[in-house]
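1. The sequence and its predicted three-dimensional model are supplied below.
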2 protein chains.
Amino acid sequence: MAVTIKDVAREARVHMSTVSRAFSMPHRLRPETRTRVLEAARRLGYRPSRVARALTTGRTHNIGFIVADISNPFFPPMIKAAEHTARARDYHLFIADASEDPAIETELVDALAKQVDGVVLCGPRIANAKIERLSENIPIALVNRKVTGIPSVTMDVVNGAQTAIGHLLDLGHRKLAYVAGPRQSWTNTQIGRTVTSAADGRAEVTVLGPNTPNENAGLAVAEEIARAGVTAVLAYNDLLAIGLMEGLHSLGVDVPGDVSVIGVDDTVLARLARPRLTTIVVPTADAGTAAVDLLLQYTAEGDDVTTRAAGHVSLPTKLVIRDSTAPPPGAGS
Amino acid sequence: MAVTIKDVAREARVHMSTVSRAFSMPHRLRPETRTRVLEAARRLGYRPSRVARALTTGRTHNIGFIVADISNPFFPPMIKAAEHTARARDYHLFIADASEDPAIETELVDALAKQVDGVVLCGPRIANAKIERLSENIPIALVNRKVTGIPSVTMDVVNGAQTAIGHLLDLGHRKLAYVAGPRQSWTNTQIGRTVTSAADGRAEVTVLGPNTPNENAGLAVAEEIARAGVTAVLAYNDLLAIGLMEGLHSLGVDVPGDVSVIGVDDTVLARLARPRLTTIVVPTADAGTAAVDLLLQYTAEGDDVTTRAAGHVSLPTKLVIRDSTAPPPGAGS
DNA sequence: GACCGCCTGGCAATCGTTTGCGTAATTTTA
DNA sequence: TAAAATTACGCAAACGATTGCCAGGCGGTC
């Protein structure tokens, strides 16, 4: 039904191998033959079958891209960037949504393994050991996780969290809370550690969580925050922060009058929420691009798993101060 | 390197065809042989190569999913639902972002055609005629577009727009505007028509656009709205509505005091914006699910293109009234 | 006891490419 | 001008599955 390499061969009066070479090794053909073949291909509307090609070459030119939750606005810009750079390299992206579930995530890697050249795990929720095991079967690149020997791009959320805490301390806050994200999230443990160490000796910090990183969880934790008597909170991400702000609002707690709130990610939501959310901006699009480049580079490294060099990229973050942070109630100024 | 059907055959001491049958036609094997094969497969960790299978069967078990812009929050829930239902049917999704560009969209369909069983076009920006032409090569399903002979799911935005206009008329508005979306969008023309016909004889309506459906475009159109002297506007989507609200705000125009604003989609943003946006809620997730089901059903219909029956689904929408709509300035009540 | 039919499972062609090998044809070198 | 080197292209074997066809073995029927 579809036009194959054989049809083109007949049309151009050459052998199929010549047609194949016209595309993959043009320099090996006499210019005359080459144009004749290409012309015939054009005339017939020939497009090589990626499937058949994959079978012989062993490369599908597809990449798996697994995220924890597509509807978390943190991911779309990353997916978009990844998709565009993949396409620029003549690759296509399989997207899969792990629903924040390590078991599904593992299953997805296995399912995808047979039809992709590698997979990008974004904000993986599975354990390092398992990632190492999976990466023996299929090249893996990580976003927001570090595992030795596996290429990864991370966002320097430590620096971001430090300046965020610094900002709160400068404003005069002395009782802080960290509304934690998923236990398995690398970013979460990074931020958690940073908060306590940055505040060490200068402020008291309570950790609430772990929480699923969505608005509802943020809303649910509001009461606890109100009770805890803290004057400022850093949340694992914007979703939690925004849910929290809503919750506090309906409890009659003013943000930032009574409690300051800081998020992480700088999703669209942060600018839109009222009060506009102070948050740590992370370069999601850059991460998407870097991840597929790292992965592609890694897979190109040769077939011997043991000799491949895993690249690492760390992307800077920064704090953007908006309207959800202010001095604590009763502060002088 | 990977374990193939041949390895399993050797391990189970049967011919490869028997291994194949153990999976695809289990009833054709003696129970004893079947379990022996399955057991051997399990022991070796055998996973059939989807690529090889695709080559013989002609079915890749992959679906292309093309959206106009992944970072438009309208799409993620749809993608998520589509991906989940596809996976439940043992299919995987290729996601591609057309960047609101008809040329890219067409190119994507062509590029994907060779490695998917069908493609879903979400809010296509290409012309009907071209869609028909493309669908001769590869099964296509449409979201928010109707082309005879091609399966599609649409959202009944006409009804939604009617009640929206009704709501504005009830409030006493007599000078309305429609902030249009992309010219090629079916939804856009549906809404546009509905607005003028619903207001016919009861209110005056100005149409502004077409506009790229994002916040910036909404922001840009604010001044024009202010000048136009209208008291209420319906925007093509939430993004435009929200951008517009920001723009009006910075122009000192109060929403809803001076101008009422209604959006479409009910994305997360609508609830978050201040004032909270009155909007038409559309069932994006249902659309995603319905689209892949329609497509799968269509492709299963048999190989003869001419006998396939294209299913259609129309999904209901409804107006959710929040804080961005109110009576026009100077209204009695 | 010969014949028939079913059940089981092997054989080999096929899907559309790629690619190592071989050999005419052409060019270079001596 | 003959030998050597190179070039251009054909041949056919893979890649890993699926599937139509066929044959041997078995039990049932008359």
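-> Ah, there it is. Numbers count the residues shown, from 1 in each chain, chains lettered A, B, ... in the order given.

2. List the residues that contact the closest residue to A:Glu100 other than its chain neighbours.
-> Excluding the flanking residues, the one nearest A:Glu100 by C-beta to C-beta, 6 or more residues apart in numbering or on different chains is A:Ala68, at 5.1 Å. Placement of C-beta: from N, CA and C, glycine included. Residues near A:Ala68 by C-beta atoms under 8 Å, 6 or more residues apart in numbering or on different chains: A:Phe75, A:Asp97, A:Ala98, A:Ser99, A:Glu100, A:Glu105, A:Cys122, A:Gly123, A:Pro124, A:Arg125, A:Pro182.

3. what's the distance between A:Ala68 and A:Met155?
-> Note on A:Ala68: its distance to A:Met155, by C-beta to C-beta, to the nearest Å, is 15 Å.

4. Nearest residue to A:Val282 in space, please, no chain neighbours.
-> A:Met155 is the one closest to A:Val282 (C-beta to C-beta, 6+ apart), at 4.5 Å.

5. Am I right that that neighbour is in contact with A:Leu142?
-> No. Between A:Met155 and A:Leu142 there is no contact under C-beta atoms under 8 Å: 11.8 Å.

6. Now do the helix ranked longest in chain A: which elements does it pack against?
-> When chain A is parsed with DSSP state H, its longest helix is helix A:284-300. Contacts defined by 3 or more C-beta pairs under 8 Å, 6 or more residues apart in numbering or on different chains; DSSP states H and E place helix A:284-300 against strand A:62-67, helix A:76-88, strand A:118-122, strand A:140-143, strand A:152-155, strand A:312-315.

7. Could you check the angle that helix makes with helix A:76-88?
-> 40 degrees (axes from the mean of the first three to the mean of the last three C-alpha atoms, to 10 degrees).

8. For helix A:284-300, what is the distance to the chain centroid?
-> Put simply, helix A:284-300 sits 11 Å off its chain's centre (C-alpha atoms, centre = their mean, to the nearest Å).

9. contacts for that helix?
-> Residues contacting helix A:284-300 (C-beta under 8 Å, 6+ apart): A:63, A:74-75, A:77-86, A:89, A:91, A:117-120, A:122, A:139-144, A:151-153, A:155, A:265, A:308-313, A:315.

10. Does that helix reach DNA strand C?
-> No. Using C-beta under 7 Å from any atom of the strand, helix A:284-300 never reaches DNA strand C; the gap is at least 13.7 Å.

11. and that helix, average pLDDT?
-> For helix A:284-300, mean pLDDT is 96.

12. go on, stretch A:189-199?
-> Stretch A:189-199 carries an average pLDDT of 95.

13. Write out the residues of the stretch 101-250 of chain A neighbouring chain B.
-> A:Asp110, A:Ala111, A:Leu112, A:Ala113, A:Lys114, A:Gln115, A:Glu215, A:Ile242 (C-beta under 8 Å from any C-beta of the partner chain).

14. For PyMOL, write the selection for the buried entries among those residues.
-> Those of those that count as buried under 16 or more other C-beta atoms under 10 Å in any protein chain shown are selected in PyMOL with:
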select buried, chain A and resi 111+112+113+114+115+215+242
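
15. Sort the residues of the stretch 101-250 of chain A next to chain B by pLDDT and name the bottom one.
-> Among those, A:Lys114 carries the weakest pLDDT, at 90.

16. Give me the nearest residue to that one, chain neighbours excluded.
-> Leaving aside its sequence neighbours, A:Lys114 sits nearest to B:Arg50 (C-beta to C-beta, 6+ apart; 5.1 Å).

17. Show the contacting residues for the one you found.
-> Applying C-beta under 8 Å, 6+ apart to B:Arg50 gives the contacts A:Lys114, A:Gln115, B:Thr60, B:His61.

18. circling back: narrow the contacts of A:Ala68 to just the buried residues.
-> Buried positions within these, assessed by neighbour count (16+ other C-beta under 10 Å), are A:Phe75, A:Asp97, A:Ala98, A:Ser99, A:Glu100, A:Glu105, A:Cys122, A:Gly123, A:Pro124, A:Arg125, A:Pro182.

19. Show me those residues that map onto helices.
-> The helices, defined by DSSP H, take in A:Glu105 from the buried ones among the contacts of A:Ala68.

20. now, which of the buried ones among the contacts of A:Ala68 sits nearest A:Pro329?
-> Ranked by distance to A:Pro329 (C-beta to C-beta), the buried ones among the contacts of A:Ala68 are led by A:Pro182 at 31.7 Å.

21. okay, and for the stretch 1-150 of chain A, where does confidence drop off?
-> Scanning the stretch 1-150 of chain A for pLDDT under 70 picks out A:1.

22. How about the residues of chain A by DNA strand D?
-> Listed as neighbours of DNA strand D in chain A under the rule C-beta under 7 Å from any atom of the strand: A:13-18, A:21, A:28-30, A:32-34, A:52, A:55-56.

23. Where does the stretch 151-300 of chain A get nearest to DNA strand D, which residue?
-> At 16.9 Å from DNA strand D, A:Thr299 is the closest residue in the stretch 151-300 of chain A, using C-beta to the nearest atom of the strand.

24. contacting residues around the residue nearest to the spatial centre of chain A?
-> By C-alpha atoms, centre = their mean, chain A has its centre lying nearest to A:Cys122, at 3.9 Å. Each residue near A:Cys122 by C-beta under 8 Å, 6+ apart is listed here: A:Phe65, A:Ile66, A:Val67, A:Ala68, A:Phe75, A:Met78, A:Val143, A:Asn144, A:Ala291.

25. ok, the residue in the stretch 101-250 of chain A positioned nearest to DNA strand C - how many residues close by?
-> Here the stretch 101-250 of chain A gets closest to DNA strand C at one residue, A:Asp117, 13.9 Å apart by C-beta to the nearest atom of the strand. When neighbours are counted by other C-beta atoms under 10 Å in any protein chain shown, A:Asp117 registers 21.

26. again, but for A:Ser135
-> Using other C-beta under 10 Å, A:Ser135 has 23 neighbouring residues.

27. Run through the residues that contact the nearest residue to it once chain neighbours are set aside.
-> Leaving aside its sequence neighbours, A:Ser135 sits nearest to A:Ile150 (C-beta to C-beta, 6+ apart; 5.5 Å). For A:Ile150, the contact set (C-beta under 8 Å, 6+ apart) comprises A:Ile131, A:Glu132, A:Ser135, A:Ile140, A:Ala141, A:Leu142, A:Ala310.

28. Surely the first one is in contact with A:Pro124?
-> Going back to what we said before, that points to A:Ile131. Yes. With contacts counted by C-beta under 8 Å, A:Ile131 reaches A:Pro124, the gap being 6.4 Å.

29. Which residues are in contact with each of the two?
-> Contact with both A:Ile131 and A:Pro124 is made by residues A:Leu142, A:Arg145, according to C-beta under 8 Å, 6+ apart.

30. residue ranges with poor pLDDT in the stretch 201-333 of chain A?
-> Ranges of the stretch 201-333 of chain A meeting pLDDT under 70: A:301-308, A:331-333.

31. ranges for the helices of it?
-> Using DSSP state H, counting those that start in this stretch, the helices assigned to the stretch 201-333 of chain A run over residues A:215-228, A:238-250, A:268-272, A:284-300.

32. any idea how far A:Glu132 lies from B:Ile66?
-> As judged by C-beta to C-beta, A:Glu132 and B:Ile66 stand 35 Å apart.

33. So which of the two has more stuff around it?
-> Set A:Glu132 next to B:Ile66 and count neighbours by other C-beta under 10 Å: B:Ile66 wins out with 23 against 14.

34. How far does the one helix or strand A:Arg133 maps to sit from its chain's centre?
-> Taking DSSP states H and E as the definition, A:Arg133 sits inside helix A:128-134. Taking C-alpha atoms, centre = their mean, one finds the center of helix A:128-134 at 18 Å from the center of the full chain.

35. and the two most separated of the contacts of B:Arg50?
-> Applying C-beta to C-beta across the contacts of B:Arg50, the maximum distance is between A:Lys114 and B:Thr60, 11.9 Å.

36. quick one on the thing from earlier: roughly how far does the residue nearest to the centre of chain A sit from DNA strand D?
-> Applying C-beta to the nearest atom of the strand, to the nearest Å, the value for A:Cys122 to DNA strand D is 28 Å.
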